[in-house]
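*Asks:* sequence unavailable; structure follows:
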């Protein structure tokens with residue numbers, strides 16, 4: 001795929017403290033959610049999947065509306081470890097600090113399928129570098145959600161760090177929006193900017209330290225719960241459906257009946273679950289066909305008659321009508337006049 005058509009997801013529990021912070025400064029949190037397209041139910045249902053792109057946009061819009069450059073920092077100050085749900089129980093009930101880090105890395109997709117945690121040696125050998133990367137679309141302004149995320153990382157660390165541990169360090173790629181001392185007050189650690197990566201440096205010496213209050217039974221129960229939820233109620237259902245559609249287009253199209261059967265769920269259940277992510281199956285299918293058409297039409301080695309079949313159209317006329325709707329031109333005209341701009345237009349959250 002050349003573009004992300006389905007936004008990555010995150011649990012609505014990431015909105016903890018949002019309504020209180022916005023309301024306390026005279027703005028309407030529900031209006032802000034509606035403005036970016038997030039369901040108002042997200043304020044009441046922490047398990048509801050929310051598009052990660054829209055959450056990042058919400059934080060950015062709220063910072064603008066409140067004229068609050070440090071909105072992400074202030075939001076993280078109102079949040080606690082329960083934002084991670086059972087994931088926090090895994091970390092807090094691990095035998096050692098190193099085990100907690102491994103558990104977070106292994107199960108983080110429960111909280112944010114659209115993020116990944118990567119660990120490795122830091123430039124300073126006394127530290128381990130932990131990168132928390134959010135898979136955001138290029139059009140999203142990421143600063144507020146990144147600053148909020150690392151605020152929570154620092155807070156979670158303080159819950160498991162051993163006594164006398166060396167201070168952690170936070171590295172951020174962007175420039176500071178407020179005085180650096182503000183960041184260090186919120187994060188509680190040295191913070192450096194304009195770095196090559198967004199990361200937190202954790203002291204190697206702390207990894208073997210035991211977590212005194214750990215309860216192995218709680219950790220095991222949390223791991224079993226998260227594993228079950230990921231299997232039964234994956235937040236990335238839209239991604240699964242997207243992949244299946246692409247795989248099946250060349251073989252006569254991708255019907256919702258066929259895909260729901262593959263996913264072992266009723267058609268209406270699939271439609272409802274997709275709707276929770278703001279996705280209509282027909283819109284997703286059409287968007288994927290458009291994106292695939294754009295790629296095939298650039299490749300002159302693929303005959304036009306074959307392109308229609310690769311997109312799952314039984315009739316060439318159906319493909320021609322679709323191209324006129326997508327690109328305001330026939331496939332033949334597009335290929336004759338193709339240039340880097342002729343077949344490209346922003347998708348702009350069309351799904």
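*Replies:* Received, thanks. If you're wondering where the values come from, they're calculated on a predicted model, not measured in any experiment.

*Asks:* tell me how far residue 96 lies from residue 103.
*Replies:* Residue 96 sits 10 Å away from residue 103 when distances are taken as CB to CB, to the nearest Å. The way it works is simple: take the backbone N, C-alpha and C, and place the C-beta from them, glycine included.

*Asks:* more crowded one of those two?
*Replies:* It is residue 103, of residue 96 and residue 103, that has more neighbours when counted by other CB atoms under 10 Å, with 21 against 17.

*Asks:* okay, buried residues for the helix or strand where that one lies please.
*Replies:* Using DSSP states H and E, residue 103 maps to helix 97-107. The neighbour-count check on helix 97-107 (16 or more other CB atoms under 10 Å) flags 97-104, 107 as buried.

*Asks:* cool, and stretch 38-57?
*Replies:* Buried-residue list, stretch 38-57, by 16+ other CB under 10 Å: 38-39, 42-43, 45, 48-57.

*Asks:* for it, the distance to its chain's centre please.
*Replies:* 11 Å (CA atoms, centre = their mean, to the nearest Å).

*Asks:* I figured residue 77 hits residue 186, correct?
*Replies:* Yes: Residue 77 lies in contact with residue 186 (CB atoms under 8 Å); the separation is 6.1 Å.

*Asks:* shared neighbours, those two?
*Replies:* Both residue 77 and residue 186 are in contact with residue 151, where contact means CB atoms under 8 Å, 6 or more residues apart in numbering.

*Asks:* the two: which has the busier surroundings?
*Replies:* Legend: neighbour count by other CB under 10 Å for residue 77 and residue 186, higher for residue 186 (22 against 17).

*Asks:* now the more buried one: which helix or strand?
*Replies:* helix 180-187.

*Asks:* which strands and helices sit next to that helix?
*Replies:* Applying 3 or more CB pairs under 8 Å, 6 or more residues apart in numbering; DSSP states H and E, one finds that helix 180-187 contacts helix 71-77, helix 143-160, strand 191-192.

*Asks:* tabulate these in JSON lines, adding columns for distance to residue 219.
*Replies:* JSON lines is the format used below for these (distance: least, CB to CB, whole Å):
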{"stretch": "helix 71-77", "distance to residue 219": "25"}
{"stretch": "helix 143-160", "distance to residue 219": "12"}
{"stretch": "strand 191-192", "distance to residue 219": "31"}
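
*Asks:* related to what we said a few turns ago, among the buried residues of stretch 38-57, which lie within strands?
*Replies:* 49-51 (DSSP state E).

*Asks:* and those residues, which is closest to residue 8?
*Replies:* Proximity of those to residue 8 (CB to CB) peaks at residue 51, which lies at 7.4 Å.

*Asks:* tell me the contacts of the closest one?
*Replies:* 7-10, 37-38, 277-278.

*Asks:* any of those residues buried? List them.
*Replies:* Buried members of those, counted by 16+ other CB under 10 Å: 7-10, 38, 277-278.

*Asks:* in strands, which of those appear?
*Replies:* Per DSSP E, those map to strands at 9-10.

*Asks:* and the furthest pair within the buried ones among the contacts of residue 51?
*Replies:* 8 and 38 (14.2 Å).

*Asks:* quick one: residues contacting the closest residue to residue 262 other than its chain neighbours.
*Replies:* Leaving aside its chain neighbours, residue 262 sits nearest to residue 244 (6.1 Å; criterion: CB to CB, 6 or more residues apart in numbering). By CB under 8 Å, 6+ apart, the contact set of residue 244 is 254, 259, 262-263.

*Asks:* so for residue 244, what's the pLDDT?
*Replies:* Predicted confidence (pLDDT) for residue 244: 81.

*Asks:* that one and residue 285, how far apart?
*Replies:* Distance of residue 244 to residue 285, given as CB to CB: 11 Å.

*Asks:* again with residue 91
*Replies:* 40 Å.

*Asks:* compare those two (neighbour count), which wins?
*Replies:* Between residue 91 and residue 285, counted using other CB under 10 Å, residue 91 has the larger neighbour count: 25 against 21.

*Asks:* was I right to think that one contacts residue 100?
*Replies:* Yes: when contacts are counted by CB under 8 Å, residue 91 is listed as touching residue 100 (4.2 Å).
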